[in-house]
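> The sequence and its predicted three-dimensional model are supplied below.
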Amino acid sequence: MLQPIAYTVTPSYDELAELMKQPADDADWLERVDRAVDAIAGLTTVDGATIITDRYEVLAFAAKLGRRKGADHVSRIVMTEPIEGNVAIAADPSQVGGTRHVSAAQFVSDQPDALALVASQDGRFTVFAWSPSTGHVYAHRVDALLM
């Protein structure tokens, strides 16, 4: 992430994290989860990335992503879609989408333990993940599953 980060969340916003530790046994719990998700979704409307841990804690929003110092530029990713008969294809990150997609691909390449989720204004939803077995960033287009 490029410094300075405009909006860090200190302490982290952990309402969803705390709810995920509780049993999902009543309508009140689900309603509280919906409110927490809505709060996080509101942060994603601000230009830039929303940074969330694997424990659902929000650390920052409106973050700008850049290439890690000394890291190679991502020139190829593997794109997949959850459609019967689809074949994964190698592509330039810019063929998957715009700046958000290219930044997400670079971020995952630089941080292989991370996932990047990109929702585009055109309705595309892509999950970026590193594959240690192939050594490539995969762009999983999942918008078909959301319809």
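In hand now; what should we look at?

> Quick check: which ranges of the protein have low pLDDT?
Applying pLDDT under 70 to the predicted model, the residue ranges of the chain that meet it are 144-147.

> Return the list of helices and strands in contact with the helix ranked longest in it.
With DSSP state H applied, the helix covering the greatest number of residues in the chain is identified as helix 27-44. Helix 27-44 sits against helix 15-20, strand 49-52, strand 58-63, with contacts defined as 3 or more C-beta pairs under 8 Å, 6 or more residues apart in numbering; DSSP states H and E. All C-beta spots, glycine's among them, are computed from the backbone N, C-alpha and C.

> repeat that with 10 Å
strand 7-13, helix 15-20, strand 49-52, strand 58-63, strand 116-119 (3 or more C-beta pairs under 10 Å, 6 or more residues apart in numbering; DSSP states H and E).

> Against which helices or strands is the longest one packed?
On a contact count with 3+ C-beta pairs under 10 Å, 6+ apart, strand 7-13 meets helix 27-44, strand 49-52, strand 58-63.

> what is the orientation angle of it with strand 58-63?
160 degrees (axes from the mean of the first three to the mean of the last three C-alpha atoms, to 10 degrees).

> Relative to strand 7-13, what are the paired strands and their orientations?
Based on DSSP bridges, the strands next to strand 7-13 in the sheet, each with its direction, are strand 58-63 (antiparallel).
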